[in-house]
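> sequence and predicted structure below; questions after.
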Amino acid sequence: MLKFLAMGGYARYVWPCYALTALVVGLNIHWARASLRAAQAEARRRLASLKGLS
Amino acid sequence: MAWVWFHRFGSPPHFYRLAGKLVPWFGWPAALLCLGGLIGGLLLAPPDYQQGDGFRIIYVHAPAAWLSLLVYVVMASSAAVGLIWRMTVAHAVAASCAVIGASFTALALATGMLWGRPMWGTYWEWDPRLTSELLLLFLYLGYMGLRSAMDDVGRADRASAVLAIVGVVNVPIIHYSVIWWNSLHQAPSVMKFGRPTMPAAMLVPLLLMLAGFSAYFLALLLVRARGELLRRERQARWMAEALLATTPRPPTPPSSTPTATGQVKPC
């Protein structure tokens, strides 16, 4: 296990790469969901104002 | 007749519904492919004869770099379709690409730097491959900046589409930079004519990661494109239907009206 984590002496280059990738992958999922939710909330507001006008 | 699918795909309500249904069909395979790729790349693949275990960076660096180019090509081609056929869906897809592409370009640069330090002895060199990839990041950032500088979505769509299309010339430059010029960066070992120059135990996990990242991108793109479509929509009817379909309990549903269809008229 320690041998695996040591990555043949390259641990301080290999693991930061994987950590950064995990971060970017996770952030993109969060951003995509947040962007859709924001658009839905905004559309709901617009609909409500249209209802108010009709 | 052959164009029916094109027009159907281009209809915002149809795309919105279809995209919502397709997200898990790309998301879950993406997770499984990446899991397989990680197990194969980190545990099963043998160490490289020159780089030892340091080569395992390839399993995140190459997919990130691949996405940086794939996302740009998708962005530029859908921007072109949007510009030529005035298709809202195509513009929505193009606008959805920018953040994804920019973040994976930055990731490709960062992981490349972390790989370059032990193998080349330097984090950064003004090398053709590295410089053209950095230019790609600036193209994405310029595209995003241009969009955010315009309040009108339609104008932002058209102006940023031109930038995206002009910038596509950088994509072949990035890909062929390692062949055309003397570069520190190695030549392609997978995306080339002929057989890949890697043993199967190293190659298969890489292919799994590349496929997984591509499916992941499509899932992200569909989620984002749905939001972008809603932002561009002025027709109240399908918007009300779409919102009712996505949220089981909308905040202010009029209890006496069974559905919103026909209730709301666009002004």
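Sure thing, it's come through.
> got the residues of the stretch 101-250 of chain B near chain A?
Within the stretch 101-250 of chain B, the positions adjacent to chain A are B:103-104, B:106-107, B:110-111, B:114-115, B:117-118, B:216, B:220, B:223-224, B:226-228, B:230-231, B:233, B:236, B:239-240, B:242-243, B:246-247, B:250 by C-beta under 8 Å from any C-beta of the partner chain. C-betas here are computed from N, CA, C, even on glycine.
> which SSE is the nearest residue to residue B:208 once chain neighbours are set aside in?
Nearest non-adjacent residue to residue B:208, counting by C-beta to C-beta, 6 or more residues apart in numbering or on different chains: residue B:37, 3.5 Å away. Element membership of residue B:37 [criterion: DSSP states H and E] is helix B:12-38.
> and what of residue B:222?
Short version, using DSSP H and E: residue B:222 is in helix B:200-232.
> residue 34: neighbour count?
Picked chain A for this. 11 (other C-beta atoms under 10 Å in any protein chain shown).
> wait, chain B was what I had in mind.
Neighbours around residue B:34, by other C-beta under 10 Å: 23.
> just give the closest residue to it, not the sequence neighbours.
Using C-beta to C-beta, 6+ apart, the closest residue to residue B:34 is residue B:212 (3.7 Å).
> next, count neighbours for that neighbour.
21.
> distance of it from residue B:205?
10 Å (C-beta to C-beta, to the nearest Å).
> and the helix holding residue B:222, what other elements does it pack with?
Under the contact definition 3 or more C-beta pairs under 8 Å, 6 or more residues apart in numbering or on different chains; DSSP states H and E, helix B:200-232 sits against helix A:11-53, helix B:12-38, helix B:58-85, helix B:88-120, helix B:153-167.
> would TSV of those helices with mean pLDDT be doable?
Below are those laid out as TSV (pLDDT from 0 to 100):
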stretch	mean pLDDT
helix A:11-53	91
helix B:12-38	94
helix B:58-85	96
helix B:88-120	95
helix B:153-167	95
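> need the pLDDT of residue B:254.
Looking at residue B:254, its pLDDT reads 49.
> I should have written residue A:8 there, sorry.
On pLDDT, residue A:8 comes in at 84.
> give me the contact status of stretch B:50-58 with chain A.
Yes. Stretch B:50-58 reaches chain A (C-beta under 8 Å from any C-beta) through B:52-54, B:56-57.
> so who does whichever residue of the stretch 101-250 of chain B sits closest to chain A touch?
When scored by C-beta to the nearest C-beta, the stretch 101-250 of chain B has residue B:227 as its residue closest to chain A, at 3.5 Å. The contact partners of residue B:227, by C-beta atoms under 8 Å, 6 or more residues apart in numbering or on different chains, come to A:35-40, B:96.
> of those residues, buried ones?
Neighbour-count burial (16 or more other C-beta atoms under 10 Å in any protein chain shown) applied to the contacts of residue B:227 gives A:35-36, A:39-40, B:96.
> please name the nearest non-neighbouring residue to residue B:19.
Per C-beta to C-beta, 6+ apart, closest to residue B:19 is residue B:222, 4.1 Å.
> picking up where we left off before, quick one: mean pLDDT over the helix holding residue B:222.
95.
> give me the neighbour count for the residue lying closest to residue B:29 once chain neighbours are set aside.
Using C-beta to C-beta, 6+ apart and skipping the chain neighbours, the partner closest in space to residue B:29 is residue B:215 (5.2 Å). Using other C-beta under 10 Å, residue B:215 has 20 other residues around it.
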